[in-house]
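**Student:** Task: produce atomic coordinates for the following.
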Amino acid sequence: MTLALAFSLLLQVTAVIIVLRGVRGQVFRHPGALLIIVAVIYDGVDEFANRLIRPGPERYGLTIAEVDRWMWFVGPGILLLAVSYLATLRPSTLAHHRSSPSAMGAIIRTLDWRVLAALTAPLYLYSVFGALHTLRGASSATYLQSGLTAQFMLPCLVLLSFSLVMRFGTRLILPVLLAQSLLLLLLGERIPIVAALVMLLFALQISGIRLSGRQVRLLVAGAMIAMLAITLSRSVAGRTNFATNAGPTQRLHALEVGLLHPGYMFKSVRSQYVYRLDGNDFASFTLAGISKGIPPVGITPLINNITLAIPSFLDPAKDSSPLATRSTEALYEPRYEMPPMNRLPTLLGTLLGYFGPFWFEFLCILLGVFFGLADRWVQRPTAARIVLGIGLVLCVMLYEQSPAVYPLTFRGVLVILALVKAAELARQIAAQHMGERFAGLGRDRLPRPIGGVRDRSARIYPEDPGPLQTHFWSR
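**Tutor:** Now for the predicted structure:
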């Protein structure tokens, strides 16, 4: 271990400690706290692991001294991020609000599980079957599939799980989370499994539901098993079994083959975690190039990221624009002489290239202020804040990507929010219309609900609950 790495790790650990103390251990309800922990995993823990074994191929052409130069900046950057976040959040003045049963009833009516199921089912089936069937046959749709999965399917699935738990009771927490993880397992990607778990825990904790230590341990164990199954299947059966044109049968077979070869576990974890989650090589190459006199890229990538979120029907020429305007890696790699490789730009690694290493520390402070303000805003739950908070948590869990994930993700969750709001408005208009239509009829002459089941929603979620009425979220 070098002095630079030791210094960086010390500051990163300090950042984690003060954040955990500041939020009183309630990490899952604070996206800013999650960001700091995830950044330390990618930029600190993984770097320590990389020094213990032979570096991966992504680091060819990169010296230890160049990585250490980045360590001198990323450690203070994460600590400044933590300090500015806590100063903005002001946890001592922040009261965690407990919503009344009527407020939670309004949230559940807006995030109706039936509407969310209708949105999630086709998106999930398309993601699993992985090909767009047209008149000319099946065609690969990598861009469309990945966009639908990250921007729409994953938030919809988490919101569906949340709505089911809130509507039918906390006894469904473990079954719902297990089903959610199993469904995402077929996608063959590890990050969505962990991201969906954290997103759901965020929504539940914001709504006042706390899981027991046993439940959390079971959930973590289930997520680890699912991630290990994907890792083993990739090492044994190959990544092509989870390509966009692979069906569910092929995916299930690949998972089965992987689980039947546990001997590949150590090799798989080493190659898939230590190498794959390297959050420092991209930034180290960038800093090395800037140190040689190559100027920073400026604010151009940020403008490109925002432009990329404009829907194609409003900007038809967007998809045919130069690759460097649509991809951070395509802009940075040739500029800073990075050998062609599948690297992780990461949030902080991309910010480094905007204005250079010293401005990077100031950008970390601004990032902490942003997350502090956002965390204060989401603490009083409404349907809109839960949906947008889930989107923010998803961006945090996709730390390995560039800041482009933020405008794209929020474009998706805003569309989801608009759809569920439209469905709620349609239900209200229909109910008002039916009430006016049968206003002159007696109570006994009102039409019976479809299926012969009376509508009990007014009794379950009263607008003005009586003093004797209790709900599981108010206990």
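
**Student:** Now residue 57. Nearest residue, chain neighbours left out?
**Tutor:** Leaving aside its sequence neighbours, residue 57 sits nearest to residue 341 (Cβ to Cβ, 6 or more residues apart in numbering; 6.6 Å). Every C-beta, even on glycine, is put in place using the N, C-alpha and C of the backbone.

**Student:** now do residue 80
**Tutor:** Computed as Cβ to Cβ, 6+ apart, the closest residue to residue 80 that is not its neighbour in sequence is residue 364, at 4.8 Å.

**Student:** just checking, the residue nearest to residue 57 touches residue 61?
**Tutor:** No. Residue 341 is beyond contact range of residue 61, at 9.5 Å (criterion: Cβ atoms under 8 Å).

**Student:** So what does the residue nearest in space to the middle of the chain have for phi and psi?
**Tutor:** Geometric centre of the chain, nearest residue: residue 394, 1.7 Å, by Cα atoms, centre = their mean. Backbone geometry at residue 394, expressed as degrees, to the nearest 10, gives phi -60, psi -40.

**Student:** ok, now how distant is it from residue 426?
**Tutor:** Going from residue 394 to residue 426 by Cβ to Cβ, to the nearest Å gives 27 Å.

**Student:** next one: residue 221
**Tutor:** Residue 221 sits 42 Å away from residue 426, taking Cβ to Cβ as the criterion.

**Student:** likewise residue 183?
**Tutor:** On the measure of Cβ to Cβ, residue 183 and residue 426 end up 28 Å apart.

**Student:** quick check: mean pLDDT across the helix or strand hosting residue 126?
**Tutor:** Using DSSP states H and E, residue 126 falls within helix 113-129. Averaging pLDDT along helix 113-129 yields 86.

**Student:** For the residue nearest to residue 80, grab phi and psi.
**Tutor:** Note on residue 364: its backbone torsions stand at phi -60, psi -40 [degrees, to the nearest 10].

**Student:** Make sure it is actually in contact with residue 83.
**Tutor:** No. At 9.6 Å, residue 364 and residue 83 do not qualify as touching, with contact defined as Cβ under 8 Å.

**Student:** more crowded one of these two?
**Tutor:** Per other Cβ atoms under 10 Å, whichever of residue 364 and residue 83 has more neighbours is residue 364, with 26 against 18.

**Student:** How much space separates the more buried one from residue 104?
**Tutor:** For residue 364 relative to residue 104 (Cβ to Cβ), the value is 36 Å.

**Student:** Would you map the strands across this structure?
**Tutor:** 131-134, 137-140 (DSSP state E).

**Student:** Residue 22 - how many residues pack around it?
**Tutor:** Residues near residue 22, counting by other Cβ under 10 Å, number 21.

**Student:** Name the nearest residue to it, ignoring sequence neighbours.
**Tutor:** residue 86 (4.5 Å).

**Student:** show me the contacts for the one you found.
**Tutor:** 18-19, 22, 368, 372 (Cβ atoms under 8 Å, 6 or more residues apart in numbering).

**Student:** Check residue 197 too.
**Tutor:** The neighbours of residue 197, taking Cβ under 8 Å, 6+ apart as the test, are 177, 180-181, 219, 223.

**Student:** Rebuild the residues you listed as JSON lines, extending it with neighbour count.
**Tutor:** Below are the contacts of residue 197 laid out as JSON lines (neighbours: other Cβ atoms under 10 Å):
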{"residue": "177", "neighbour count": "23"}
{"residue": "180", "neighbour count": "22"}
{"residue": "181", "neighbour count": "20"}
{"residue": "219", "neighbour count": "19"}
{"residue": "223", "neighbour count": "19"}
